[in-house]
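Q: Coordinates for the following, if possible.
(one chain, ligands or ions: 1)
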Amino acid sequence: MASNHKLVCARAARRQFGGAFQQAVRDYRGAKLSALTLARGLEERLPGGLSYLPLAFLYDGEVAQLSWEGSVAKANAEARARKTNFRVMARTRPLQPQEVEDKLYESVSSENGNNAIIVHDGRVHRDGRTIYAVHSRFCLDAVFNERADNQEVFQEAVQPLLSSALDGGRATVVFFGQTGTGKTYTARGALDIMSELVFEKADKVELCCYEMAGTRGGREAFFDLLAGEEKKQVKCLTGEDGNVHVRGAQKIVCNSTSELCSAMDKAFAWRSSECTERNEASSRSHCILEFKFPAEGDDSGEAAGLFRVVDLAGSERNFETQMHSRSMAERGGLINYSLLMLKECARVMHNNEKELENEMHVPFRSSRLTHLLRSSFTDGSHMTTVVATLSPSPTDVEHSLNTLQHVGMMRSSRVWETRPPPQEPKEGSDPKGFDAVQGRGRALHSKLQDARKGQLNLHAFQMKTAVGGSIMKKYEADSAKTETFIDARWHRELNVKVQDDLWVLRDADAEATQILSSWKAEQWAASKAHDLSRWSAETLQAFIQSLDLPGQVRIPTTMTGAQLRRLGRRGLAALCSDKATAEALDQALAGESQAGKAAAAAHRSANARMTALGNHKVHAAIEEFEEPAPATPGSNPSHVQQEPALAA
Ligand SMILES: Nc1ncnc2c1ncn2[C@@H]1O[C@H](COP(=O)(O)OP(=O)(O)OP(=O)(O)O)[C@@H](O)[C@H]1O
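A: This is a model prediction of the structure:
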């Protein structure tokens, strides 16, 4: 066995122990094939669902289920027919000759019928001795495997957008992904096919090409690609319609396919590109091609349909930029910054879609790229397709996962397009989750725990907490994730803490926190109510009058609790008409002090329990939370103090 030091790096392990990881991929693909065969052979003879059972005997339970769901149940099969203006697709390129030479293998599988991509992620456990594979499924609108050609991608991803733009609409296709995964290859392939087809419908096409790159001062700027060597800087301005337009770029009017092709070739020739560790001709800028299709007789071009092709520069990781020169690193930094902002916008929009009440600002203006693409993500009438390009190599798995996670967020941030209109809750129906939680003190605590259990059930399924067992998690509505351990010898050492894992669910418990904090404030006020030194003159007078004393007490009406306290026992006796009254008053004050101490102790323990509850990050659904009815004037808010305090 190799030293732990080497194994701890998953990328190195995927190369070194390629055989074991390849076996895990083969297992998954074999299970998929068996699932299809079994479904075909047994479905008619056995009652529904039973034909799955033999598969579970043949393969690891979770792998069998994942492959069954992908190849037979096909939960996402309808995605291609989804009626939406925002679609997300993925294309996996084939292994490059160099990768085949390095004996790398495919670690991405596509489920074409289910419109999903499975990434097989080989990992090394923290103990440095166990390797295991995590299969993650990402459901998208369409997927293209390594055998798909540009024509197929064009038909699915670009053709509908082009038709919409030719009819006067606005459309954008964005190619997004890791460096060297085929963004430019796919974009150019689609553009070549488009240049053939476009003149069947349009008489002329107005082309405008520009790139977003860094200036010498390290700032982002747009440069005209049709202006030749000088690369004139152009402006990016927000128009009255709220859309961002580039002003000052040269426009070429093309009347034939050959004119359009030569103009595009010119633009790509001037686009910044360099030879990097991952790609001999790596794009060093984001390239945008804008096609306008003016209606006949309309020379202004303002009302024309617009089709935009955005070929983004590839994102790079540290290990891919070891040989970069200083200027390359600077340019790479700017590219990574704009891509990071694009991902950040996707993340915030995704979170906003989940937490409708707590909408956060989406930082579209933080980069020129996101500023330009804003309408593609927010305008429901703007047709947009994001094509994520992936590398099948096991050394790029982290990158592929990152790309898929972000395009998945972009997709889920536009669920409002497909969401049915909200329905009014039925009279008398049982509200579920945290919305239904009401109460205070101990009762609230246990109710919150019950509600939390319910919430967790929504987010996790088929959890097995056995040491060394396998876990299946459902983080997003459409994405399943399964883990299967390859090396059975070290199962016992894997102390999988599923519970801990669950608490990491990011969403803060806003509603529960609000209820608990107000309860906490009330408890604090209640405990301080017995503190003599905080009493005002009026409170002191009211307290003295509420006592049943044998004699008279001559306390000045302006004397506060703190002043009375400073008098001491002898001073207090001097204010009383006789000894018995002084003793009774002293006892009453001592009783108050005791009650204050007890309340403070109860408050402290309640606080500790609440902190523990907070640490568990109670997950709250606040989307449908109804505001509690405002308290009626004159109602007694002090009822809160009559509830039992949390037990120690
Ligand atoms: N689907 C594919 N089939 C065959 N070869 C492909 C495919 N996709 C990409 N390639 C090859 O992979 C290499 C890199 O492709 P390309 O330059 O398009 O990547 P990129 O994502 O644009 O990279 P960068 O972000 O660095 O510009 C090229 O040699 C290209 O021919």
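
Q: Mind giving me the packing neighbours of the longest helix along the chain?
A: Longest helix in the chain, counting residues (DSSP state H): helix 579-615. Under the contact criterion of 3 or more C-beta pairs under 8 Å, 6 or more residues apart in numbering; DSSP states H and E, helix 579-615 touches helix 441-459, helix 510-528, helix 537-546, helix 561-575. Any C-beta I mention is one placed from the backbone N, CA and C, and that applies to glycine too.

Q: What lies in contact with the shortest one?
A: What that stands for is helix 537-546. Residues outside helix 537-546 that contact it (C-beta atoms under 8 Å, 6 or more residues apart in numbering) are 535, 553, 555, 557-561, 564, 585, 588, 592.

Q: What are the buried residues along it?
A: 537, 540-541, 543 (16 or more other C-beta atoms under 10 Å).

Q: Around the ligand, which positions in this protein sit nearby?
A: Proximity of the chain to the ligand, by C-beta under 6 Å from any ligand atom, involves residues 93-94, 177, 179-185, 279, 281-283, 313-314, 389.

Q: just the buried members of these?
A: Counted by 16+ other C-beta under 10 Å, the residues of the chain next to the ligand give 93, 177, 179-185, 279, 282-283, 313-314, 389 as buried.

Q: and which of the contacts of helix 537-546 is nearest to the ligand?
A: The ligand lies nearest to Trp535 out of the contacts of helix 537-546, by C-beta to the nearest ligand atom, at 72.3 Å.

Q: How about the backbone phi and psi for Leu225?
A: phi -90, psi -10 (degrees, to the nearest 10).

Q: got the domain boundaries for the protein?
A: Domains of the chain are assigned by automatic domain parsing as 1-80+108-138+456-506, 147-356+363-391, 510-627.

Q: Once you drop chain neighbours, what's closest to the residue of the stretch 301-450 of the chain found nearest the ligand?
A: Going by C-beta to the nearest ligand atom, the ligand is nearest to Gly314 of the stretch 301-450 of the chain, at 2.4 Å. The shortest distance from Gly314 to any non-neighbouring residue, by C-beta to C-beta, 6 or more residues apart in numbering, is to Thr179 (2.9 Å).

Q: cool, and Leu575?
A: Once chain neighbours are set aside, the closest to Leu575 by C-beta to C-beta, 6+ apart is Arg554, at 5.2 Å.

Q: follow-up on the earlier one: using CSV, lay out the domains of the chain together with mean pLDDT.
A: Formatted as CSV, those follow (pLDDT from 0 to 100):
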stretch, mean pLDDT
domain 1-80+108-138+456-506, 63
domain 147-356+363-391, 83
domain 510-627, 74
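
Q: Okay, the closest residue to Met341 other than its chain neighbours and Phe307: tell me how far apart.
A: Counting by C-beta to C-beta, 6+ apart, Ser367 is the residue found nearest to Met341 once chain neighbours are left out, at 3.9 Å. According to C-beta to C-beta, to the nearest Å, Ser367 stands 23 Å off from Phe307.

Q: Quick check: Thr403 touching Val387?
A: No - counting by C-beta atoms under 8 Å, Thr403 stays clear of Val387, with 10.8 Å between them.

Q: where along the stretch 301-450 of the chain do the strands fall?
A: 305-311, 383-390 (DSSP state E, counting those that start in this stretch).

Q: what's the closest non-adjacent residue to Phe138?
A: Nearest-residue entry for Phe138: Leu404, 4.4 Å, with adjacent residues in sequence omitted and distances by C-beta to C-beta, 6+ apart.
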